[in-house]
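Q: okay, predicted coordinates and the sequence, questions at the end:
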Amino acid sequence: MKVYLTFDDGPSDLTPEVLDLLDKYDAKVTFFVVYTDDEEYTSYLKEIVDRGHTIALHSYSHDYNKIYKSVDAFLEDFEKVYNWVYEETGVRPTLFRFPGGSTKGKKSIVNDIIAEMERRGFIYYDWNVSSGDGSNLTTTENILENVCTNVGSFDQPVVLMHDGVGKNATLKDIPMLLEILAEEGYEFCLLDKNLKPIQYKRK
């Protein structure tokens, strides 16, 4: 069985500890990164790549009102975060995740964004298992329960987690989560362009 753990909103001060824990359990994951002007945090991008994880794009600004205003606004934001990651790592990411998920913006605009991004060869990923750690009120116990009770419902579980600033409950949770999933027979795998992506259906 395979599970695809994903981390949004980093890099942050938590990212090195997350990487060390992943190494300890030989777990490979996908990081959907957001731009930061902090030089130390930026250095973690190369660390993500060097340790064998997939680096993917989340946003430059993570400003919903700004990026979902139009297709051009989204593309301008995306180009900035793409160039930032490429300059720091030499990697040209092909995967991205919409801030808030692909149903966040106005449907007509997001559908046009998807069409243009796919035309350019990019693939977006949503998720089908949420750890619930998007809320700062979420506890370690909540995260464990949310993930462990839901991963078995999917053939390709893509788990949403965060390594952004303040996500200490997530950091604390990682060792137990990895142990439980490993004991249940899960292999921690990377998202890539050859998988059928988990995407929300838009009507």
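A: All right, it came through fine. Being a predicted model, the structure only gives us computed values, none of them experimental.
Q: which residues touch stretch 56-76?
A: Stretch 56-76 is contacted from outside by 8-9, 30-35, 77-78, 80-82, 84-85, 93-97, 99-100, 104-106, 109-110, 112-113, 116, 125, 191, using Cβ atoms under 8 Å, 6 or more residues apart in numbering. From N, CA and C alone the C-beta is placed, and that goes for glycine too.
Q: how about stretch 139-148?
A: Outside stretch 139-148, the residues touching it (Cβ under 8 Å, 6+ apart) are 129-133, 159, 161, 169-170, 172-173, 176-177, 180-181.
Q: do a quick rundown of the helices in this structure.
A: Taking DSSP state H as the test, the helices found in the chain are 15-24, 39-50, 64-67, 71-89, 107-119, 140-148, 168-183.
Q: output those helices as TSV; include the columns mean neighbour count, mean pLDDT and distance to His58.
A: Formatted as TSV, the helices of the chain follow (neighbours: other Cβ atoms under 10 Å; pLDDT from 0 to 100; distance: least, Cβ to Cβ, whole Å):
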stretch	mean neighbour count	mean pLDDT	distance to His58
helix 15-24	17	97	13
helix 39-50	17	98	12
helix 64-67	16	96	11
helix 71-89	17	98	7
helix 107-119	15	97	13
helix 140-148	17	95	19
helix 168-183	18	96	16
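Q: between these, which one is nearest to Met1?
A: helix 168-183 (9.0 Å; Cβ to Cβ).
Q: what's the distance between Asp8 and Asn111?
A: Per Cβ to Cβ, to the nearest Å, Asp8 is found 22 Å from Asn111.
Q: equivalent analysis for Asp9, please.
A: From Asp9 to Asn111 the distance is 25 Å (Cβ to Cβ).
Q: ditto for Leu19
A: 36 Å.
Q: confidence score at the nearest residue to Met161 once chain neighbours are set aside?
A: Leaving out its chain neighbours, the residue that sits closest to Met161 by Cβ to Cβ, 6 or more residues apart in numbering is Ser131, at 4.7 Å. As predicted, Ser131 sits at a pLDDT of 97.
Q: what sits against Ser131?
A: Counting by Cβ under 8 Å, 6+ apart, Ser131 touches 138, 143, 146-147, 159-162, 170, 173.
Q: just curious, which of those residues is nearest to Glu187?
A: Using Cβ to Cβ, the contacts of Ser131 come closest to Glu187 at Val159, 13.4 Å.
Q: thinking the closest one is in contact with Thr6, fair?
A: Yes: contact criterion Cβ atoms under 8 Å: Val159 and Thr6 qualify, at 6.3 Å.
Q: any chance of TSV for the contacts of Ser131, columns distance to Val71?
A: Formatted as TSV, the contacts of Ser131 follow (distance: Cβ to Cβ, whole Å):
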residue	distance to Val71
Thr138	33
Ile143	35
Asn146	34
Val147	34
Val159	29
Leu160	25
Met161	29
His162	27
Thr170	33
Asp173	37
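Q: ok, those vs Tyr200, which is closest?
A: Closest to Tyr200, out of all of these and judged by Cβ to Cβ, is Leu160, at 12.1 Å.
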